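Colleague: Need coordinates for the following:
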Amino acid sequence: MSEHVGSLSIVLHAHLPFVRHPEYDYFLEEDWLFEAACETYIPLLNMMEGLTADGVPFRLTMSLTPTLLSMFCDPLLQNRLRRHIVERIDLSEREIDRTKGQPQFQSLASMYFQHYQRCLEVFDRSGGSLANAFRLHMDQGGLEIITCGATHGFFPLMAHQPETVRAQINVAADHYEEVLGRRPAGIWLPECGYYPGHEQFLAEAGIRYFFIEAHGVLFGSPRPKFGTFAPVLCPNAPVAAFGRDVESSKQVWSAAEGYPGDFAYREFYRDIGYDLDYGYVRPYLGPLGERKHLGLKYYRITGPSDSIDLGAKEPYDPAMARERAAAHAANFLFNREQQMRYAGQVLDHKPLVVSPYDAELFGHWWWEGPMFLDFVFRKAHFDQTAVRVTTPSEYLAANPVLQKVQPELSSWGYRGFAEFWLNETNDWIYRHLHQAGERMTHLARRFGEPTDLERRALNQCARELLLAQASDWAFILRTGTMVEYARKRTGDHLARFERLFGGLEHGGLDVPFLEECEWRDTIFPNIDYRVYR
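Modeller: Numbers count the residues shown, from 1 in each chain. Below you'll find the model as predicted:
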């Protein structure tokens, strides 16, 4: 066995915007949660449970954003998620019967039937809240859960209103403690958006580290001695910044150059919701009856997307895909070892490679992603000793002395400096968000001893502002998908805020309207508006 040459920290950013519509029995965008739960979150829980049962130590870091945790804990969404799983079990059973004369497809239908049965078992065993299941693995030590901004607000574009940034951080930390029973050690800055000085707010909330895009560290002052191969310490607050490793990240997330594009893996876009007769799938399409992904996909990628159309895809072979996932996991660890060896020789330092990804890549977009991670952890334990898998907290405990570097303003995504969240498609939202932020700060300072009714309205104002600030809406406006929904969500929350603000500022609160807002937007039930002071 080779000697220890460096450490690897795998970080998954699990986030969805808060989508909850009690005014409808079915709402299309709620499927975002249901699909991610069945295809990403529960498969990752299954992976961790299997590793634990087999005595394989693992170290995984995950952000569970406050909006996601809130949806996990919401009884309405819990009931709807269970309904979704039961429907998929029923559909899988029908598929087993329909494909009797097609053994290859019937075996895949059976695979999905077993998958959704397992989802139901995990859901019921957790008492309906996946937060409980994730907390179990955190308590056992293999999983480190970190927080995020309360509603994934993009901090650099809120920097001129520090009260709003502080509120996003403190509401998130308090909610984390309510749900998971402790304070968060780390945070995923929404969209990796860092603005110099915000580490002071993190320190106030008890947060010890955050993640930042590579150039946010590399362009820091002074230049970091170890590049992104070691965290740096912010000079004006005891908070560490971990830079993203570009090489290992691209090797996984890139569909063109990375593992997920391998021809043996499952094709995401061939789904029975589009492939089969409309009348057959109609019972599973919801009240609108529009075709959509139903989660049962029978084909593999097969070949380059520019030369093979969807209709020419070959059937999916789970055994072939599993072999490929094992080979890719071995290749990933081999590449990390070589990367660490080279960097260690140049830097005279055992490097840390931080590999962060969107969690939804693993399972939802890349069906074999959780399997790949499972192989990575097993091979790291059984097949080598050169690469040590760790978490940021463990690394900081073992390496308490860090270079002081002031990181630079940065984000991940297109061009790396916030352009994706501020451009001609979405710039109109910020004047309204900034005005609401000013008014929320004004309300928090004005109402020192509110009545019970005023306190409820003040707290609801805080909820509506936070929900309007979600970076998801600007992101969707830029990508051009579900634009109407993103516009409506931004406008609805701002309109509710303005109406409540008017009632508080000028008197005459509309109690039925306040009650309706509280019924619709239930996030952060214990929020205290004074966080904006």
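Colleague: Quick one: the helices in the stretch 351-500 of the chain, in order.
Modeller: Using DSSP state H, counting those that start in this stretch, the helices of the stretch 351-500 of the chain run over 369-382, 392-398, 428-446, 452-468, 471-479, 483-506.
Colleague: Packing partners of the fifth one?
Modeller: Spelled out, it's helix 471-479. helix 428-446, helix 483-506 (3 or more Cβ pairs under 8 Å, 6 or more residues apart in numbering; DSSP states H and E). Placement of C-beta: from N, CA and C, glycine included.
Colleague: which stretch among those helices comes nearest F332?
Modeller: Distance to F332, taken as Cβ to Cβ, is lowest for helix 483-506 among those, at 35.0 Å.
Colleague: just to revisit the earlier point, out of the helices and strands packed on helix 471-479, which comes closest to A330?
Modeller: From these, taking Cβ to Cβ, the stretch that ends up closest is helix 483-506, at 41.2 Å.
Colleague: Turn the helices of the stretch 351-500 of the chain into a markdown table, including mean pLDDT, distance to G127 and mean neighbour count.
Modeller: Output for the helices of the stretch 351-500 of the chain, formatted as a markdown table (pLDDT from 0 to 100; distance: least, Cβ to Cβ, whole Å; neighbours: other Cβ atoms under 10 Å):
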| stretch | mean pLDDT | distance to G127 | mean neighbour count |
| --- | --- | --- | --- |
| helix 369-382 | 98 | 22 | 21 |
| helix 392-398 | 98 | 27 | 17 |
| helix 428-446 | 98 | 35 | 17 |
| helix 452-468 | 98 | 25 | 22 |
| helix 471-479 | 96 | 28 | 22 |
| helix 483-506 | 97 | 30 | 18 |
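Colleague: can you redo these as TSV with distance to P351?
Modeller: What follows is the helices of the stretch 351-500 of the chain, written out as TSV (distance: least, Cβ to Cβ, whole Å):
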stretch	distance to P351
helix 369-382	16
helix 392-398	11
helix 428-446	39
helix 452-468	38
helix 471-479	31
helix 483-506	40
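Colleague: I'd like to know which of these is closest to F334.
Modeller: helix 369-382 (9.5 Å).
Colleague: List the contacts of that closest one.
Modeller: 8, 10, 40, 43-44, 46-47, 50-51, 54, 56-58, 60, 259-260, 321-322, 325-326, 328-330, 332-333, 361-363, 366, 387-389 (Cβ atoms under 8 Å, 6 or more residues apart in numbering).
Colleague: pull the helix or strand with minimum mean pLDDT from this protein.
Modeller: When each helix and strand of the chain is scored by mean pLDDT, DSSP states H and E, helix 246-253 comes last, with a mean of 90.
Colleague: In the following helix or strand past that one, which residues are buried?
Modeller: Proceeding C-terminally, helix 246-253 gives way to helix 272-275 as the next helix or strand, assigned by DSSP states H and E. Going by neighbour count (16 or more other Cβ atoms under 10 Å), the buried part of helix 272-275 is I272, G273, D275.
Colleague: what's the answer for stretch 7-27, then?
Modeller: So, applying 16+ other Cβ under 10 Å, buried residues of stretch 7-27: 7-20, 27.
Colleague: Pick the one among the residues you listed closest to S355.
Modeller: I10 (5.2 Å).
Colleague: so is the closest one in a helix, a strand, or just coil?
Modeller: At I10 the chain is in strand, as set by DSSP: H, G, I helix; E, B strand; the rest coil.
Colleague: Could you find the closest non-adjacent residue to it?
Modeller: The shortest distance from I10 to any non-neighbouring residue, by Cβ to Cβ, 6 or more residues apart in numbering, is to S355 (5.2 Å).
Colleague: Identify the residue spatially nearest to A173, adjacent ones excluded.
Modeller: Among residues not flanking A173 along the chain, A205 sits closest, at 4.2 Å (Cβ to Cβ, 6+ apart).
Colleague: how about CSV for the buried residues of helix 272-275, with distance to L180 and pLDDT added?
Modeller: Supplementary listing: these in CSV, determined by distance: Cβ to Cβ, whole Å; pLDDT from 0 to 100:
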residue, distance to L180, pLDDT
I272, 37, 98
G273, 35, 98
D275, 41, 97
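Colleague: and of those residues, the nearest to L509?
Modeller: Of those, the one sitting nearest to L509 (Cβ to Cβ) turns out to be G273, at 45.6 Å.
Colleague: for that closest one, what are its contacts?
Modeller: By Cβ under 8 Å, 6+ apart, G273 lies in contact with V281, Y284, L285, R291, K292, H293, L294.
Colleague: Recalculate using a threshold of 10 Å.
Modeller: By Cβ atoms under 10 Å, 6 or more residues apart in numbering, G273 lies in contact with L91, V281, Y284, L285, E290, R291, K292, H293, L294, G295, L296, K297.
Colleague: Now, of the residues you listed, which are buried?
Modeller: Of the contacts of G273, these count as buried by 16+ other Cβ under 10 Å: L91, V281, Y284, L285, K292, H293, L294, G295, L296, K297.
Colleague: would you say the last one is within a helix?
Modeller: Read that as K297. No. In this structure, K297 is coil, not part of a helix, as judged by three-state DSSP.
Colleague: re the thing from before, so which of the contacts of helix 369-382 belong to strands?
Modeller: Counting by DSSP state E, the contacts of helix 369-382 place L8, I10, L60, V387, R388, V389 in strands.
Colleague: Please convert the residues you listed to CSV, extending it with distance to C192 and pLDDT.
Modeller: Formatted as CSV, these follow (distance: Cβ to Cβ, whole Å; pLDDT from 0 to 100):
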residue, distance to C192, pLDDT
L8, 19, 98
I10, 16, 98
L60, 19, 98
V387, 24, 98
R388, 25, 97
V389, 22, 98
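Colleague: Tell me the gap between the longest helix seen in the chain and the middle of its chain.
Modeller: The single longest helix within the chain, with elements called by DSSP state H, is helix 318-347. Averaging C-alpha positions (Cα atoms, centre = their mean, to the nearest Å) puts helix 318-347 24 Å from its chain's average.
Colleague: what's the angle between it and helix 369-382?
Modeller: 50 degrees (axes from the mean of the first three to the mean of the last three Cα atoms, to 10 degrees).
Colleague: how about helix 318-347: buried residues?
Modeller: 318, 321, 324-326, 328-329, 332-333, 336-337, 339-340, 343-344.
Colleague: biggest separation within the residues you listed, which pair?
Modeller: Using Cβ to Cβ, the pair of the buried residues of helix 318-347 lying farthest apart is P318 and G344, separated by 38.4 Å.
Colleague: Helices of the stretch 1-150 of the chain, start to end?
Modeller: Under DSSP H, counting those that start in this stretch, the stretch 1-150 of the chain gives helices at 31-36, 42-53, 66-73, 75-98, 103-125, 130-140.
Colleague: For these, state which one has the densest average packing.
Modeller: Scoring the helices of the stretch 1-150 of the chain by mean neighbour count under mean count of other Cβ atoms under 10 Å gives helix 66-73 as the most buried, with a mean of 25.
Colleague: If anything else comes up later, I'll come back, but that's it for now.
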